[in-house]
Every structure is written in structure tokens, then in C-alpha cells.
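# build me a structure from this.
(one chain, ligands or ions: 1)
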Amino acid sequence: MSNVLSIRGLTYKRNFKVILRDINCHVESGQIVGLLGANGAGKTTLMRVIAGSAPHFVGSVSVDGAVQPVERKAVVSFSEQIGGTPISTRTAKVVQDWADWYPDFDRSKFDELAQFLDIDMHARLSSLSKGNMKKVVIALSLARRVKLYLLDEPFDGIDSMTRKKIIATIIQWKPYDATLVISDHHVGDIANILDTVMIIKGHDLVTDKPADDIRATGKSIEEYFEDVYAGRNTDGK
Ligand SMILES: Nc1ncnc2c1ncn2[C@@H]1O[C@H](COP(=O)(O)OP(=O)(O)OP(=O)(O)O)[C@@H](O)[C@H]1O
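Below is the predicted model:
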């Protein structure tokens, strides 16, 4: 499998404050990557940089050969892309807009996901609960046909049944060569489906390793993550 994502020497500052420092990583296509970190660690910022919506940084980011931010926007499906949509819009209209904006949007795939996730197509975004809004965002994000999907905290604030349903959706939907980066601070939710674990701590990417290497130590990924944050891991990246 080839690399779908390559990041070299990425440093990102906001208002002169370092948010991400000298990040280097490569992600092979077909992987499910858990991007883990405490609140404020920089997970969303890293996704914004990868997706091309935070264009001013030092270093290089390449997604499937696309290097310029505007090129990357076209080849990455990022769950934050729904952000600018007026909240009075009905779900069906949002879906139609996405189909118009993104040539890679697969309407029949969206319909399948919407049925499985029980999405109300007639509701206005403003009337959706947090969990139901997450479902819409996930279905929209996964219905694009791209090489790289970035799901930012898809389980934040939603109930355990819905979490399980979303995880089942991801497993059922995932094409062989699609690559998913999922950020989370409740590691337990996604631990079982991860191929790779990345941990951001103190502006740095301190862990980038196969999930099986962690499992082989007898520790759960959650325990490993907690150890990293407690400073108990000394085995490097
Ligand atoms: N617009 C901004 N201006 C200045 N600093 C910002 C801005 N947005 C984010 N930051 C800072 O960047 C850092 C990383 O934030 P980010 O949202 O990427 O973290 P996160 O890991 O996604 O956190 P969470 O899990 O809480 O969502 C934080 O210290 C935050 O305060």
C-alpha cells in the first residue's frame, strides 16, 4: 500500500503561539488511524492543516500527491466542512448542496448511510440534537469518494447506542483503500477498530505506531494513551 498522507516538518503557530511542532508522519492507504490527545492538544488543528483549511504553516503536507491547500481540499473529506451551512437549512437541502459542490459525492451511498443511521431528511439543522447532527455530518463526510477522510471527534456528546451504530457504519462502509483519521479523547470508543495510533501531547506527535504493537504489550490502547500522558512510556514513537 502506498502513502496517502505525508507530513514533513510541520510547525503551526496561531497568534505567535506554537500549536503543533515539527510533526512528521506518513499514513498508508487503507488504514484507520486514531488521532488521540487531551483537550486542546491540537487534533482539530492538525486536521485543519491536512484538509487545507489552515494554510499558513511551516513544512509540507501531501495528500495523495496534492500539496497545495486548495488541491488538498478537493481530495480530503473533513467533517468540519459542514461548518458554514446556515442552521435553518433542512437536511435534504444540505445533501443537495453537497451533491452540487462535490463532484465525488455519492448520493446513493449517502442514502444508504442515512437509512442506517436513521437520519431525518426533513429536519432543519437547528432542530437536530447534537448526536443527530453528528450523524448527518458523518453520513455527508463518508458519502464523498476521496482517498482520505478526517472525522473530528465523531463521538463527542453522543449516547453509547449511537456511538456503536457509527462505529458499525464505519466498519461496513469502509472501502479497502480508504484511509480514515478519527480524532478522539474517549479512546475506548474506537480502540478496537484502529490500525495505527497517533498521540499528540505538548504540541508534539509523541506516538505513531501500529495499534497491534500496543495490543501485543498486553495493554489496552486506552491504558497506553493514559501512560503516555502520565509520562510512563519511554519506548519512543
Ligand atoms: N483561533 C484560535 N486562536 C488561538 N488559539 C487557538 C485557536 N484555535 C485553537 N487554538 C489553540 O490551539 C490549541 C489546539 O486546539 P485544538 O482545537 O486543535 O485542540 P484539540 O486537540 O482538537 O482539542 P479538543 O479535544 O478540546 O477539541 C489549543 O491550545 C487552542 O487553545
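# which residues of the chain lie near the ligand?
With the criterion set to Cβ under 6 Å from any ligand atom, the chain comes near the ligand through 14-15, 19, 37, 39-45, 185. No exception for glycine: its C-beta is placed from N, CA and C like everyone else's.
# please redo it, this time with the cut-off set to 8 Å
14-15, 17, 19, 37-48, 152-153, 156, 183, 185, 200 (Cβ under 8 Å from any ligand atom).
# please spell out the PyMOL selection for the buried subset of these.
Applied in PyMOL, the following selects the buried portion of the residues of the chain next to the ligand according to 16 or more other Cβ atoms under 10 Å:
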select buried, resi 19+37+41+42+43+44+45+46+47+48+152+153+183+185+200
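# so what does the lowest-mean-pLDDT helix or strand in the chain touch, helix or strand wise?
Least confident helix or strand of the chain, by mean pLDDT, DSSP states H and E, is helix 160-173 with a mean of 85. Secondary-structure packing of helix 160-173 (3 or more Cβ pairs under 8 Å, 6 or more residues apart in numbering; DSSP states H and E): helix 107-117, helix 130-142.
# could those helices be laid out in CSV, adding mean neighbour count?
Formatted as CSV, the helices and strands packed on helix 160-173 follow (neighbours: other Cβ atoms under 10 Å):
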stretch, mean neighbour count
helix 107-117, 16
helix 130-142, 22
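# quick one: those helices as TSV, columns for mean pLDDT too.
Listed next are the helices and strands packed on helix 160-173 as TSV, based on pLDDT from 0 to 100:
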stretch	mean pLDDT
helix 107-117	92
helix 130-142	90
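# ok, the closest residue to Lys109 other than its chain neighbours to His122 distance?
With sequence-adjacent residues excluded and distances taken as Cβ to Cβ, 6 or more residues apart in numbering, Lys109 is closest to Ala143, at 4.6 Å. Distance, Ala143 to His122, by Cβ to Cβ, to the nearest Å: 18 Å.
# looking at those two, which is more packed in?
Ala143 (24 against 8; other Cβ atoms under 10 Å).
# what lies in contact with the strand or helix carrying Leu180?
Counting by DSSP states H and E, the element that carries Leu180 is strand 179-184. Under the criterion Cβ atoms under 8 Å, 6 or more residues apart in numbering, residues 4-5, 27-37, 43-44, 47, 50, 147-155, 170, 174, 190, 194 lie in contact with strand 179-184.
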